[in-house]
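A.B. asks: Okay, sequence plus prediction incoming.
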Amino acid sequence: MAHMPKYKVEHYEKKINRHFDPLIEEQELLIKQYKTDATDRIVAKLSKKMGADKILDALEKAQMQLERAQHQAMTFFHKKAKKDKDGSKDLTYDMERKDRPATLKMCREQLRKWAEALVDRELRTRPEGKQLAQLEALKQRSEDIVYENGDDQAIAKALDDCTKKIGISWIVDTSKIKQIASK
């Protein structure tokens, strides 16, 4: 590759991003919609299939009981601390725990991550996922063209040929634009 000034390389990178990023973002939004719906459906199925639903139910009941007990304890200690108005006793308390036992929320988040991974694999087989992969590959190919060629005309021609497949015209004909008349 001939030595291309850094500003030219940066210009091509910005132009590639300008063309491809909106298309890729649009495709990712379409996929995100399917991913959310599918993940929500799969979490319940995965939980039942793995047998985690019984554990989650038991954990939820235990956690609700724990929360009630924690609330009662906080109320009790708060009332006792309020009774110490004369300052004769130090009735402060610390209800925060330093260790992190498994919680229902943590278990549900883990199941959701596993479900999302399954959905991600499935989405790549859908038309939207295939189109996203093609757009990403075409963007990468466009960046490769910039780095592998040194001639501006060769780069412009190669990028125009590459992007015509998705309806992007790299070389814009400005000769047919009407002159703005000044008054």
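C.D. replies: Yes, it's here.
A.B. asks: just checking, H19 touches D160?
C.D. replies: No - applying CB atoms under 8 Å, one finds H19 not in contact with D160, separated by 11.2 Å. Bear in mind the C-beta positions are built from the backbone N, C-alpha and C, glycine included.
A.B. asks: Find the residue at the geometric middle of the chain.
C.D. replies: K32 (8.5 Å; CA atoms, centre = their mean).
A.B. asks: average pLDDT across stretch 158-175?
C.D. replies: For stretch 158-175, mean pLDDT is 81.
A.B. asks: got it, and stretch 61-76?
C.D. replies: pLDDT averaged over stretch 61-76 gives 81.
A.B. asks: Pull that stretch out as CSV, backbone CA atoms only.
C.D. replies: Written as CSV, here are the backbone C-alpha positions of stretch 61-76 (Å, rounded to 0.1, in the frame of the first residue of the first chain):
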residue,chain,number,x,y,z
LYS,A,61,-40.9,-18.1,49.7
ALA,A,62,-37.8,-18.1,51.9
GLN,A,63,-36.8,-14.7,50.7
MET,A,64,-40.2,-13.3,51.4
GLN,A,65,-40.0,-14.8,54.9
LEU,A,66,-36.5,-13.4,55.3
GLU,A,67,-37.6,-9.9,54.2
ARG,A,68,-40.5,-10.0,56.8
ALA,A,69,-38.0,-11.0,59.5
GLN,A,70,-35.6,-8.3,58.4
HIS,A,71,-38.3,-5.7,58.5
GLN,A,72,-39.4,-6.9,62.0
ALA,A,73,-35.8,-6.8,63.2
MET,A,74,-35.2,-3.3,61.8
THR,A,75,-38.5,-2.1,63.3
PHE,A,76,-37.5,-3.6,66.7
